[in-house]
Structure formats: structure tokens, C-alpha cells
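Trainee: model this:
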Amino acid sequence: MSDAREELRAILDEMAKYSIYVGLFPEEAKRQGKKSIFTNYPEPLVIPYKWDYEIAIKYLYKIAEYISPKESERRVIHLVNPGLKEMKPFDTLAIAPTLTGGIQLIKAGEYAPAHRHTPTNLRLILEAPNDGAYIIYDGYKMNLEVGDVLVQSNWTLHEHHNDGKSDLIWLSGLDSPFLLYLGAIFYLRSEEKFQTSEGGEVILDTLGNSLKPLAISSQSYNPLIKYPFSRTKKALAELNEHNKIDEFEGIVVEYINPVNGGPALPTIDIKMRMIRPKSELKPIRSTENTVFIPVEGNVVFDIMESNIGSLRINLKTRDPLIIPSWTKYRIINDDDKPAILFSYSDKPIFDAFGLYRKEKFKE
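Mentor: As a prediction, the model looks like this:
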């Protein structure tokens, strides 16, 4: 090493003591064995990764023997991306840099008391009793069935009940990692254990049918609360019948806010899609981080380019999968019946800053 290079190294080491560093562009960073933030294309922090639902549930029930909803307020396990294992506190929290993916259990006869927080939350119901399971959001009671999607806006007071005869399990996705970066998380436990409530059907029958009731005012970003799976499945079947298919994404519906036509949550995009039997979609990639989970059926993700190379991932019903930003993939359904696939992503964040990009591959 030359004298000048040794002097520079000494200066850099001294600067580091004061938390001062030199910004390095790609070529110089590579020469020094460091990483530059200026990459030619996105190099995501997370990797493509699948969780086996049956394994996750096994551990969820194991911890349920030791942790009650009363003790933890919410009994939930986090699906953590291995790419974040060196990044605290995201090493025990995040499925993507902006999102969480968790699985929550409320056993028959249990409840989770009311609280509120600034992170927004979506829920996909994975298992539920025939009746008796419900959520109360800001005074509206919504009964729960498998495949239902619920959206919880910033600071909505919410509580969960299972008066049914079997257990209630859902997948939850929050934007809390993003809010943690921003320093924008607030949380408050309600002084009252339970809210007074009224039937939520009035919300579904009005806002859910593009009717805005003047007598109902809400401070929530999205006051609709629940998107029933029965309606979504019927819409997908009708779109399939009329051949309304996208060759890259399948037969897709996006959950939107009925008040402003925007995404169902301001930081989270939510979709449900049908993949026809014995079919494969054309490859695609985009800048969003997307979590997929089959509600019905099984699919194969052919990951053609990623930060860990190419791989094929078989997804069974209820298995979650994360596809990181700028990962090239296609979806395949080898079965004789259609698959229904739920997804959520951080696309609205990219949209808000003009950073969203998508590439489609015909070949």
C-alpha cells in the first residue's frame, strides 16, 4: 500500500470515531471491498423465502401452551425474512423492510382486548369456526369467515373475539417496519376492555355497494373494514367466465378504498387472483415487495432471477411466500382446478414517491 493510501486509511479510521464517513460510488466501493448504495438496479435486503404453514402452526400452538392473549395482548408469531437476520430489530419482526407477516391464534372461547396503534393492518382469515368469531373496529362488529380480508386503518380501536367451537387463525400484515424507520409508531391500550358495538352489515351494505351514508362519519382512511371472501370469489369466477385475464398476473381484483378509489390501505396494496388450471403466467418483476399466500389450491413460483439465483417454490394452501423487489418470476398452476391466491405489498409507498417500476417479459 502506498504512503498516500495509508494516510487516507488513517484519516478514514479517525473520521469513523466521530461517525463521519465518505460516500462511495460503485467502482470505488468495489475496489475498497465495500458496498455502495448507488446500484445499477435494486438489490433488495430480503430474499425470496417460503414458510410452511403446518410448521408455523405447530409452533404457534406450542407457544399457546405458555402464552395467553391476556399475557401478550396478542398471541402472534412473526414470519421473519432470513435476509434481515443481521438488522435489529427487524431480525425478529419483518418479512420485508416495510412490512410484517404474522400468524395469530385466538382459541375457542378466547378474546383479545381493545387497543389502537398507528401502524395499519390487514388480516386474511385462514381458519375460523362456522360462527361466533368476530372483530370490532371502532364500534362495528364484523363476523369472520375463511378468506375474508379485513383492513384496519391508522389509530382504529380494535378487539377480537372467538365465541365459536373451533380456533380462529389469521395472517396479519402491518406497515410497522416502515413506520419504525420513520419514527411514527404510537400505541395505546384502551381503558375499557371492550367497546360497545353495532352490526357491521350496515357498512358492507352501504360502502360495500358504493353507497356513502351521510349519517355515518369515520376518521378512518378506509371505513369499509371487511371484504367478504364470498363476494371476491364470485367476482373472480365471473371475470374468468368472461375471459378477463392478464397474461402476467392472472385474473385479478384489487381491494380499493370505496371513499377515494385508492389502495385499501395507504401503505399496503391488497389483491386476490385466480390462476387457471394447467396454466402458467408470463414472467414479471416490479419494485414492490410482495407476500403471496394461496387461499385455495396450490401453485408453483418459478423464480427466474433473484438476489440468490433461480429457484422453484411449491406453495400449498396457506403457505406464505415473499417475493422481494425486482425479482423476476412467474406463477404456474399444474393442478386440474383453479387456485385462488391472496397477496399484499408495499406498492403504495413506491407509488407515492414516484419509484414504482414494472417489467413484463413476453418470452
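
Trainee: Show me the shaky parts of the stretch 151-300 of the chain.
Mentor: Counting by pLDDT under 70, not a single residue of the stretch 151-300 of the chain qualifies.

Trainee: Recalculate using a threshold of 90.
Mentor: Within the stretch 151-300 of the chain, the stretches falling below the threshold (pLDDT under 90) are 189-198, 212-220.

Trainee: Can you show me the helices along the protein?
Mentor: With helices called from DSSP state H, the chain shows them at 3-16, 26-31, 53-64, 69-72, 176-182, 201-206, 229-241, 347-352.

Trainee: how about these, which one is nearest L93?
Mentor: Nearest to L93 among the helices of the chain is helix 176-182; the distance by C-beta to C-beta comes to 6.4 Å. Yep, even glycine has a C-beta here, placed from its N, CA and C like the rest.

Trainee: just the CA coordinates of the closest one, formatted as CSV?
Mentor: Once non-C-alpha atoms are left out, helix 176-182 reads as follows in CSV (Å, rounded to 0.1, in the frame of the first residue of the first chain):
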residue,chain,number,x,y,z
SER,A,176,-44.9,-1.2,11.3
PRO,A,177,-41.3,-1.7,9.9
PHE,A,178,-41.8,1.3,7.7
LEU,A,179,-43.3,3.4,10.5
LEU,A,180,-40.4,2.3,12.7
TYR,A,181,-37.9,3.7,10.2
LEU,A,182,-39.9,7.0,10.2
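
Trainee: what sits up against that helix?
Mentor: Helix 176-182 is contacted from outside by 89-90, 93-94, 96-100, 118-119, 185, 267, 346, 349, using C-beta atoms under 8 Å, 6 or more residues apart in numbering.

Trainee: what's around T287, how many residues?
Mentor: Applying other C-beta atoms under 10 Å, we find 21 other residues in the vicinity of T287.

Trainee: just K233 next, same as before
Mentor: Applying the criterion other C-beta under 10 Å, we find 17 residues in the vicinity of K233.

Trainee: in the stretch 1-150 of the chain, what spans have low per-residue confidence?
Mentor: For the stretch 1-150 of the chain (pLDDT under 90), the answer is 1-13, 15-16, 19-40, 66-75, 86, 112-113, 138.

Trainee: so who does N307 touch?
Mentor: So, once contact is read as C-beta under 8 Å, 6+ apart, N307 ends up touching 43-44, 47, 83, 324, 327.

Trainee: how about a cut-off of 7 Å?
Mentor: Counting by C-beta atoms under 7 Å, 6 or more residues apart in numbering, N307 touches 43-44, 47, 324.

Trainee: Filter these down to just the ones in strands.
Mentor: Among the contacts of N307, no residue falls in strands (DSSP state E).

Trainee: ok, which pair from those is furthest apart?
Mentor: By the measure C-beta to C-beta, E43 and I47 form the most distant pair in these, at 11.1 Å.

Trainee: okay if I get the helices of the chain as JSON lines plus distance to G109?
Mentor: As requested, these are exported to JSON lines (distance: least, C-beta to C-beta, whole Å):
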{"stretch": "helix 3-16", "distance to G109": "57"}
{"stretch": "helix 26-31", "distance to G109": "57"}
{"stretch": "helix 53-64", "distance to G109": "13"}
{"stretch": "helix 69-72", "distance to G109": "11"}
{"stretch": "helix 176-182", "distance to G109": "29"}
{"stretch": "helix 201-206", "distance to G109": "25"}
{"stretch": "helix 229-241", "distance to G109": "24"}
{"stretch": "helix 347-352", "distance to G109": "38"}
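
Trainee: F292: which of the ones you listed is closest?
Mentor: Closest to F292 of the helices of the chain, according to C-beta to C-beta: helix 53-64, at 12.5 Å.

Trainee: Next, the buried residues of that closest one.
Mentor: Neighbour-count burial for helix 53-64 flags 53, 56-57, 60, 64 (criterion: 16 or more other C-beta atoms under 10 Å).

Trainee: send the alpha carbons of it over as CSV?
Mentor: Output in CSV follows, covering the C-alpha atoms of helix 53-64 (Å, rounded to 0.1, in the frame of the first residue of the first chain):
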residue,chain,number,x,y,z
TYR,A,53,-47.9,-23.2,7.2
GLU,A,54,-48.1,-26.5,9.0
ILE,A,55,-44.7,-26.0,10.7
ALA,A,56,-45.6,-22.4,11.7
ILE,A,57,-48.9,-23.6,13.2
LYS,A,58,-47.2,-26.3,15.1
TYR,A,59,-45.0,-23.7,16.9
LEU,A,60,-47.9,-21.3,17.3
TYR,A,61,-49.8,-24.0,19.3
LYS,A,62,-46.7,-24.8,21.3
ILE,A,63,-46.3,-21.2,22.5
ALA,A,64,-50.0,-21.1,23.1
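
Trainee: Who are the contact partners of V259?
Mentor: Taking C-beta under 7 Å, 6+ apart as the criterion, V259 is in contact with 222-223.
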